[in-house]
Structures are given as structure tokens and as C-alpha cells.
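In: dropping a prediction and its sequence here:
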Amino acid sequence: MTCLFCRIVAGEIDSDIVYRDEISTAFRDINPQAPVHILVVPNDHIPSVASIAPEQEQLVGHLLHVAGTLAKREGIATRGFRLVVNTGPDAGQSVDHLHVHLLGGRHLSWPPG
Ligand code: AMP
């Protein structure tokens, strides 16, 4: 298995896992860009948003629900937070396994760079 996030989901690489269920896993980003920076990923390998199949729509909705639940748990839901899904080289996607960044705990400027 070569995909980094598949290996984290499988427990082959250590990570700070904060949530796990049969569909998704969430762990803290190794290089946090905000006081709260968590990645929510599907347990099954999906390379990016551009490769989501019609039958995976519900799964993707689940990722957003998990992100919102974790935002509440982390205490950032009231002040606000940002979900980011970088897709492809122009957006800087560096791991080819779909992941939702949950960022919060500080003011986040807009537009992004
Ligand atoms: P992206 O650039 O949108 O593809 O996001 C990939 C994210 O994965 C980056 O924010 C990295 O800091 C993060 N990352 C890379 N390796 C690890 C790891 N071993 N554990 C946790 N996060 C990681």
C-alpha cells in the first residue's frame, strides 16, 4: 500500500487520530496551519473530488458531517471555521487521497492565496 493516508487509516503510520468510524477517519495535520487543523478522509481510497463516483455522494456528505461534528467538539463552531478540499496541482493537493481540511481557532483571511 503506497498511499500515505491509506496507511494512516490502516494504522501502518502513526498519526493523532481524533475520530474514526466505518466510513471515515480524522487526524490532526502534521503541519498545522491554524490552532485546529484536522484532516477528515474516507477510509476507502478516493484520489480527489474530481474522481468521486455517483454512488459515493453519501460518503462525501458524511465527511462534511464529521467535520462539522469535530468543529463543535473542538470548540470552534460558534466563532467559525473553514473546510478546504485542495484538488489537483493548481490548488496544491499534495496527497492523492481525498481529504477535507478542518481549520479554525484563529481568524482566516479571504481570499486564499
Ligand atoms: P493537501 O496539500 O491539501 O494535499 O494536504 C495534505 C496535508 O497532509 C498537508 O496539510 C500536510 O501537512 C498533511 N500531512 C502530510 N503528511 C501527514 C501525516 N503523516 N500526518 C498528518 N498529516 C499529514
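Out: Nice, thanks for sending it over.

In: low-confidence ranges, the protein, go.
Out: Low-confidence segments of the chain (pLDDT under 70): 1.

In: what residues does it put near the ligand?
Out: 4, 13, 15, 27, 29-31, 39, 86, 92-95 (Cβ under 6 Å from any ligand atom). Quick note: C-beta positions are derived from backbone N, CA and C, even for glycine.

In: so which of the residues you listed belong to helices?
Out: residue 4 (DSSP state H).

In: pull out the buried members of the residues of the chain next to the ligand.
Out: 15, 27, 29, 39, 86, 93 (16 or more other Cβ atoms under 10 Å).

In: which one of these is nearest residue 112?
Out: Top of the list for closeness to residue 112, among those and by Cβ to Cβ, is residue 86 at 9.8 Å.

In: let me see the contact set for the nearest residue to that closest one once chain neighbours are set aside.
Out: Computed as Cβ to Cβ, 6 or more residues apart in numbering, the closest residue to residue 86 that is not its neighbour in sequence is residue 93, at 4.3 Å. With contacts defined as Cβ atoms under 8 Å, 6 or more residues apart in numbering, the neighbours of residue 93 are 48, 86, 87.

In: hmm, back to that, can you pick out the most distant pair from the residues of the chain next to the ligand?
Out: For the residues of the chain next to the ligand, with distances taken as Cβ to Cβ, the pair at the greatest spread is 13 and 92 (21.4 Å).

In: what's the following helix or strand after the longest helix along the chain?
Out: Longest among the helix segments of the chain by residue count, using DSSP H, is helix 57-73. Next along the chain after helix 57-73, taking DSSP states H and E as the criterion, comes strand 81-84.
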